[in-house]
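Asker: A structural model of the following input is requested.
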Amino acid sequence: KDRPFILIVDDEASIRESFSLILQDDYNIITASTGEAALKKAVDNKIDLVFLDIRMPGMDGMETLKMLKDIDESIEVIMVTAINDVQKAGEAIQIGADNYIVKPFDVDQIMAMAKALTGKRSLKHAAKQIRQKAAKDLSFPEFLGQSKYAQNIIQQIDSYAGTDTPLIIFGESGTEKESIAFLIHSRSRRKDSAFLTLNISKHENEKELFKKLFGIGKGTFVYDLGKGTGMLEESSGGTMLINNIENAPQKVQEALIEMIDKKAIKRSGSSEWIQVNTRLIFSSSAGPRESEEPSIFDKVSDSISIAPLRDRREDIQDITTGLIEQYNGSLNRNIKGISGDAQEVLNSYPWPANMAELTNTIKRVFISGTKDNINTLDMPFDILMNSGAVSYIEEAEFLSLNGLSAEFDKEFILKILKRTNFDTKLSAKILGIN
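Answerer: Take a look at the predicted model:
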């Protein structure tokens, strides 16, 4: 059996060597001392897991993480952080990291994380199977719940699945925009054809984006896009989701408007019209830019607006139950449930990264935990400390602060003091100290 490839990215040679010594018996190890070097390694090799330092000279860990995900969105990434950078590690999880590990390292924790994540890269395939199942019974966890919102979204999905008109899905970052687009596709007459997605970044190169979407005409560098076809041709007969359409350069938006009108495209560098039968769905996190130029937002009138997770808290418990069932299957676990206090922590957390953050949180608990039930103290600290819940206080007395750094002690104690309105006696009781 081929051994998984793990990439260690840290500017300190001693850290790279330590990780290599811990992992080399079971994995193929590749190292890089800079973010730029890590990207080259990721292009040249099929990387399964990355241990990525947050603080590095030049391209830091956060920027490297974003670009690694651009290269291969299925790469699993664990951020390596000092205790005073735990908050930044939490931010990294919101933009795609799977977990984080705090210096100094625990060898058993490194081995456990590596085993869990390299052994479960099949999660991507499991997610596809879940989507296929959802096409029949609409059982995506994010759509579970009895709220009017959840029921209304399901009705809109059914309604738009019966049309071929272009559609814009509005919602904050991390909301279930792609899931909605896929479900519309999978319940439509196009379900047996391609469903492709493209994310547009804020500073997308116009020429490169145009080539990705529309392809390249004869007489140019055809090898850039295989046979010269772009994603719009490749998805003909099916559906194309274009995320963050507000970031699309003006020339690209105008070409997409022309495609909607003519049901045809021109490849880059070509004057020949090519007929395409692609259903276009766009998503937007920010809405249209202020401009007098024509835009997709003016052209496309049909839309779905997704509520942020904090505005549908009544659904969080049902969603959590669905995620537990999902990860029990894909991670081969048998978690029986979640305690009331732990659920209250999830219900009260503000979820700035919405459904994506909740999904990652449950996944982190599955990867790190060993028990049959999820309890409050299984919650990641960044979630626990920023939740509005107070019910975990009863369990917090069991938490030992031994071994934590002075910086983290201070942060945690301050958090407890604030929760108790600086009642020192109650805070001391909660913390289990005199």
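Asker: Please make it C-alpha for all contacts and neighbour counts, starting now.
Answerer: OK.
Asker: residues in contact with the residue positioned nearest the centre of the chain?
Answerer: By Cα atoms, centre = their mean, the chain has its centre lying nearest to residue 96, at 4.6 Å. Taking Cα atoms under 8 Å, 6 or more residues apart in numbering as the criterion, residue 96 is in contact with 65, 66, 69, 77.
Asker: Closest to residue 22 out of the residues you listed?
Answerer: For these, the minimum distance to residue 22 (Cα to Cα) is 17.3 Å, reached by residue 77.
Asker: And what about that closest one, helix, strand or coil?
Answerer: Classification of residue 77 using DSSP: H, G, I helix; E, B strand; the rest coil returns strand.
Asker: Could you check the pLDDT of it?
Answerer: Looking at residue 77, its pLDDT reads 94.
Asker: do the one 4 residues further on as well
Answerer: Model confidence at residue 81, expressed as pLDDT, equals 88.
Asker: picking up where we left off before, mind checking how far the residue nearest to the centre of the chain is from residue 80?
Answerer: Distance of residue 96 to residue 80, given as Cα to Cα, to the nearest Å: 14 Å.
Asker: just residue 353 next, same as before
Answerer: Residue 353 sits 21 Å away from residue 80, going by Cα to Cα.
Asker: again with residue 148
Answerer: Going from residue 148 to residue 80 by Cα to Cα gives 41 Å.
Asker: can you check residue 16 too?
Answerer: Taken as Cα to Cα, the spacing of residue 16 relative to residue 80 amounts to 11 Å.
Asker: Looking at the two, which is more packed in?
Answerer: A direct count of neighbours by other Cα atoms under 10 Å for residue 16 and residue 80 places residue 80 higher, at 26 against 20.
Asker: picking up where we left off before, which of the contacts of residue 96 has the most neighbours?
Answerer: residue 65 (28 neighbours).
Asker: pLDDT (mean, whole number) over the strand or helix carrying it?
Answerer: Using DSSP states H and E, the element containing residue 65 is helix 61-71. For helix 61-71, the mean pLDDT works out to 91.
Asker: Could you list the buried residues of it?
Answerer: Of the residues in helix 61-71, those with enough neighbours to count as buried (16 or more other Cα atoms under 10 Å) are 61, 62, 64, 65, 67, 68, 69.
Asker: so how far is it off the chain centroid?
Answerer: For helix 61-71, the distance from its own C-alpha centre to the chain's C-alpha centre is 12 Å (Cα atoms, centre = their mean, to the nearest Å).
Asker: and it, what does it pack onto?
Answerer: helix 35-44, strand 49-53 (3 or more Cα pairs under 8 Å, 6 or more residues apart in numbering; DSSP states H and E).
Asker: now those in JSON lines, with mean neighbour count?
Answerer: JSON lines is the format used below for those (neighbours: other Cα atoms under 10 Å):
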{"stretch": "helix 35-44", "mean neighbour count": "17"}
{"stretch": "strand 49-53", "mean neighbour count": "27"}
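Asker: got those as CSV, with distance to residue 214 and mean pLDDT columns?
Answerer: What follows is these, written out as CSV (distance: least, Cα to Cα, whole Å; pLDDT from 0 to 100):
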stretch, distance to residue 214, mean pLDDT
helix 35-44, 24, 90
strand 49-53, 33, 95
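Asker: Do you have the strands of the stretch 151-300 of the chain handy? List them.
Answerer: Chain-ordered strands for the stretch 151-300 of the chain, with DSSP state E, counting those that start in this stretch as the definition, fall at 167-170, 195-199, 239-243, 264-266, 273-275, 279-284.
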